[in-house]
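Chemist: What follows is a predicted structure for the sequence shown.
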Amino acid sequence: MKMKFNQSKLKLAIASTIVVGSIGISSASYANNSMAVSTTVGAGCVVSIATTMTFDEYKPVTDHASTDLTKSSNITAQCTNLTAAIISLSGGANNNNSTSTQHSAPTRRMRIGTTADYLNYDLNTTDSASGTEWGSNDGVDAGGVAYEGNGTSETLTVYGRIPAAQNVATGSYTDTVVVSIDLG
């Protein structure tokens, strides 16, 4: 007795076996596994000076005999969102502080070159003559300005004031103040 195979049915049976076997292999590669993904966001800040503070000419016996000379300048700060920081201004290269407790209100002075001629000035957090002195963040009474970042660049204004009626020599006075930001 001779059996007759139908080739098309045999091909269909082989193809079905391969497909069924492949489905079993493929479904194992889709198992429910998970991968943990994490990071830590670090606190960070940058600060820069937007402009220099150049006062107009100080005239102690005429225009500024009874009126202070004022000027403002900008500081740009950017901190990671919700990062607390203190922005401080140094007492300057010519300050006259003798103890660290005066860093909340340093006696800032401009100077003519290397001479002994000084011109006192203030850097305040507000524009009034009685404004709060922008401190240097040193010592017990820091005096720096508290700042909380929101992730974008923000501008803070520094208000400068040269008190009226100082008895000073003629010349070009300068000082250098360091702006710093400390995480806190």
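Modeler: Structure received. Numbers count the residues shown, from 1 in each chain.

Chemist: From here on, just use CA atoms for contacts and neighbour counts.
Modeler: OK.

Chemist: after the helix or strand hosting residue 109, next one along is what?
Modeler: Using DSSP states H and E, residue 109 falls within strand 108-111. Note on strand 108-111: by DSSP H and E, the next helix or strand toward the C-terminus is strand 118-124.

Chemist: quick one on the thing from earlier: relative to the whole chain's centre, how far out is the strand holding residue 109?
Modeler: Computed by C-alpha atoms, centre = their mean, to the nearest Å, the chain-centroid distance of strand 108-111 equals 26 Å.

Chemist: contacting residues around it?
Modeler: 91-92, 94-96, 117-122, 172-175 (C-alpha atoms under 8 Å, 6 or more residues apart in numbering).

Chemist: and the gap between residue 66 and residue 54?
Modeler: Going from residue 66 to residue 54 by C-alpha to C-alpha, to the nearest Å gives 21 Å.

Chemist: my bad, should have said residue 65
Modeler: Noted for residue 65: a distance of 20 Å to residue 54, by C-alpha to C-alpha.

Chemist: So which of those two has more stuff around it?
Modeler: The residue with more neighbours, out of residue 65 and residue 54, is residue 65; 15 against 12, by other C-alpha atoms under 10 Å.
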